[in-house]
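[1] Sequence first, then the predicted structure, then my questions.
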2 protein chains.
Amino acid sequence: MPAKKRVTVMRDVAKLAGVSHQTVSRVLNDHPNVKEETRTRVLEAMQSLNYRRNLAARTLVTRRSHTLGLIGFETTLFGPASMLYGIEDAARTAGYLVSIATIRTLERREVLEAVDRLSQHAVDGIIAIAPKPSVTSGLLQAPPGLYCVAVGGAGDPDAVPTVRVDNAAGARLATRHLLDLGHRTVHHVGGPPDWPEAQERVAGWRDTLYEAGAPVPPAALDSWNAEWGHRRGQDLALDPEATAIFCANDRIALGVLRALHEAGRRVPEEVSVVGFDDMPDSGYFLPPLTTVRQDFAEIGRRSLALLLEHLVDAENAGPPAHLVVPPDLIVRGSTAPPPRR
Amino acid sequence: MPAKKRVTVMRDVAKLAGVSHQTVSRVLNDHPNVKEETRTRVLEAMQSLNYRRNLAARTLVTRRSHTLGLIGFETTLFGPASMLYGIEDAARTAGYLVSIATIRTLERREVLEAVDRLSQHAVDGIIAIAPKPSVTSGLLQAPPGLYCVAVGGAGDPDAVPTVRVDNAAGARLATRHLLDLGHRTVHHVGGPPDWPEAQERVAGWRDTLYEAGAPVPPAALDSWNAEWGHRRGQDLALDPEATAIFCANDRIALGVLRALHEAGRRVPEEVSVVGFDDMPDSGYFLPPLTTVRQDFAEIGRRSLALLLEHLVDAENAGPPAHLVVPPDLIVRGSTAPPPRR
DNA sequence: GCACGGCGTGTTACCGTTCACATAGCCGGC
DNA sequence: GCCGGCTATGTGAACGGTAACACGCCGTGC
């Protein structure tokens, strides 16, 4: 009977290097008290045997899996997908693997299931894309010791730390930009009325108009998609006073652009349009879209930092932190001064 | 000193139920030889103690983590993000968790790193989004016993099983549809020339034209984005003979639509346009885009099925399977019969 | 009456780490 | 010249499950 093929474990490395398995463990974990010569001998042995440590065994005893969980919603859309990417990128550089648990609705029940699934797999922490408060509140049910960070729009309670983009500031940038170009006021085509992110964008837009003493047209809120933008754009196209439109995201802006084009209103000569997100093709819309860019990579880094910070120092935690990432305005061809009358 | 808070383990459940821990294990794993009455007693004990089994311990001994790895590229774009979603969805219903490892380029080295990272975390298998052969070849370096499935475009070697959408068939559907409407021929705006998916779409388009005896205009290949579509669309708009355009994806189609609109060529009255992918807003383009829809959910299910099939019956594996998922044509408003002359 | 097989259950070893503790050697101070 | 403390290393016991095996009990066939 041929020798049974077995994967090399710590003991094999130890034997080859002529030390105990514990010394091998010390080398792996960078413990200080290992003679330099021993260390290199062990490393060589590991190399020659192509040793990889068994993380399951490590997890069993340390209760750290070096994996973190990510709860995501509508991850096929650009925003969530970008957040996922940003978080995964940050996690990878920090030596973590990311396990995903997508939810199909924003109901609390689904969030609880996702948390449960992740906690069974012993993730060290959870980052949840939480556009609505139901998600955040679901996180509160996580078993004690499992730290959660909510990223995205809903930063309500003071029990869960959050990281989010400064939607109000983004809306201000967009609105300010249009006012500075000389527009008398700015119209807004908003997202779903019950999404905090959409509400914040409304607030930033409205406040900026107030401060500038500009008239505040009624905000129209509905959803995030192009169909809504197109529908609303058709109305706005009929209003000769509407020379500047700030859309709650790029998809809406796409619809608005189409409606304006259709109605024969030229962009940016007659009407200026600003979006929010900086989707992949928004720079190639016609005209290229001026938009507010969210720094998803930074959001990922920050939320991970929050998590790791807690992992190393779990005991004396202060109140949960709430980080806000500033967005940028990307000026392209869809904005210009208003037409002279 | 207060009693140390400990999580409940199998032993606790066993004690409460008055059985051995092994019996608890049997209940958990649905072993046949457990008296019904014992089973319910154990289940009640588990319930009342809120027991969750420690998957790390389970993984250690069974060498099965019930986690699978997903290697993804450009996961912020709609296609890859949808595949990720489809795979995660299928995995979840099969009781698996998905860990992601995104790669920033398609270089073999990066793939190897991703495989390594995932295998350290003891994933049971790997599904890789593999739009180019370099990814597939990287998978071949996976440690023995770690099964990999390549999903997407590059189905070259006979060492790795693949699941992919039938790009050629999709292209045929699109081309056929346009020919059936009465167009003399169909122009094609293709993706990157070195991507198999793009090549297959060219082939399907060209073959259909051949078979129909239609003239075959030169194919133009460049990239996947709207900028390219717009650029190419400007040229095609000048050609009065070009009444039907098949684009390799929806983003390209968006650019083409814009260019045509700009040039004053009406869609679909003067020119018909077809896309590929069925992106979220393509139904709200103006006009709504006729396009080829890929069934990402089905791709996810199939690739997972391939993986699981191998996991239960790892020994007598035949040659790697190559599954092909048929796409659908979604007819919307961007296609119509050619103008009468 | 006894060997036998299946059922239900318990006992024990083992998976591959890390952690707590023990130990041996060395150095310096008094 | 001994002792205390530091350094480098080894030993044994967890961690929480599953697998292999043993064991008692029962019904069955001869």
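    Cool, got the structure. Since we're looking at a predicted model, the values are computed, not measured.

[2] For A:His187, give me its contacts.
    By CB atoms under 8 Å, 6 or more residues apart in numbering or on different chains, the contact set of A:His187 is A:217, A:236, A:242, A:244-246. For glycine as for every other residue, the C-beta is placed from the backbone atoms N, C-alpha and C.

[3] Got the phi and psi for the residue nearest to the spatial centre of chain A?
    Chain A has A:Met83 as the residue nearest its centroid, 2.9 Å off, counting by CA atoms, centre = their mean. Per-residue torsions, A:Met83: phi -60, psi -50 (degrees, to the nearest 10).

[4] Am I right that it is in contact with A:Ile129?
    Yes - the criterion here is CB atoms under 8 Å, and A:Met83 meets it with A:Ile129 at 5.5 Å.

[5] what's the overlap in contacts for those two?
    Listed contacts common to A:Met83 and A:Ile129 are A:72, A:151-152; contacts here mean CB under 8 Å, 6+ apart.

[6] Now do the same contact list for A:Lys82.
    One thing to correct before we go on: residue A:82 is Ser, not Lys. Taking CB under 8 Å, 6+ apart, one finds A:294, A:296, B:76 in contact with A:Ser82.

[7] Out of those, which comes closest to DNA strand C?
    Distance to DNA strand C across the contacts of A:Ser82 (CB to the nearest atom of the strand) is lowest for A:Phe296, with 33.1 Å.

[8] which SS state does A:Arg53 fall under?
    coil (DSSP: H, G, I helix; E, B strand; the rest coil).

[9] those helices in the stretch 101-250 of chain A, which residues are they?
    Under the criterion DSSP state H, counting those that start in this stretch, helices of the stretch 101-250 of chain A are mapped to A:108-120, A:133-139, A:167-180, A:196-212, A:226-237, A:250-262.

[10] is it possible to export those helices to CSV including distance to B:Glu270 and mean pLDDT?
    Output for the helices of the stretch 101-250 of chain A, formatted as CSV (distance: least, CB to CB, whole Å; pLDDT from 0 to 100):
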stretch, distance to B:Glu270, mean pLDDT
helix A:108-120, 48, 93
helix A:133-139, 48, 89
helix A:167-180, 35, 97
helix A:196-212, 38, 97
helix A:226-237, 21, 95
helix A:250-262, 16, 93
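
[11] winner for burial among the ones you listed?
    helix A:250-262 (a mean of 26; mean count of other CB atoms under 10 Å in any protein chain shown).

[12] who does that one touch, helix- and strand-wise?
    Using 3 or more CB pairs under 8 Å, 6 or more residues apart in numbering or on different chains; DSSP states H and E as the contact test, the elements touching helix A:250-262 are strand A:187-190, helix A:226-237, strand A:244-247, strand A:272-277.

[13] rerun that using 10 Å as the cut-off
    helix A:78-93, strand A:187-190, helix A:226-237, strand A:244-247, strand A:272-277, strand A:290-293, helix B:250-262 (3 or more CB pairs under 10 Å, 6 or more residues apart in numbering or on different chains; DSSP states H and E).

[14] wait, which of the ones you listed is closest to DNA strand C?
    helix A:78-93 (19.7 Å).

[15] got the angle between that closest one and helix B:108-120?
    If you take axes from the mean of the first three to the mean of the last three CA atoms, to 10 degrees, helix A:78-93 sits at 80 degrees to helix B:108-120.

[16] I'd like to check which residues are in contact with A:Gln234.
    Neighbouring residues of A:Gln234 by CB atoms under 10 Å, 6 or more residues apart in numbering or on different chains: A:255-256, A:258-260, A:262-263.

[17] What pairs with the host helix or strand of A:Leu70, parallel or antiparallel?
    Element membership for A:Leu70, per DSSP states H and E: strand A:67-73. Next to strand A:67-73 in the sheet, as set by DSSP bridges, lie strand A:97-103 (parallel), strand A:125-129 (parallel).

[18] could I have the last one exported to CSV, CA atoms only?
    To tie it back to what came earlier, the one meant is strand A:125-129. Extracted in CSV, the C-alpha atoms of strand A:125-129 (Å, rounded to 0.1, in the frame of the first residue of the first chain):
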residue,chain,number,x,y,z
GLY,A,125,-16.8,41.4,12.2
ILE,A,126,-19.5,42.6,9.9
ILE,A,127,-19.8,45.5,7.5
ALA,A,128,-23.3,46.0,6.3
ILE,A,129,-24.4,48.2,3.4
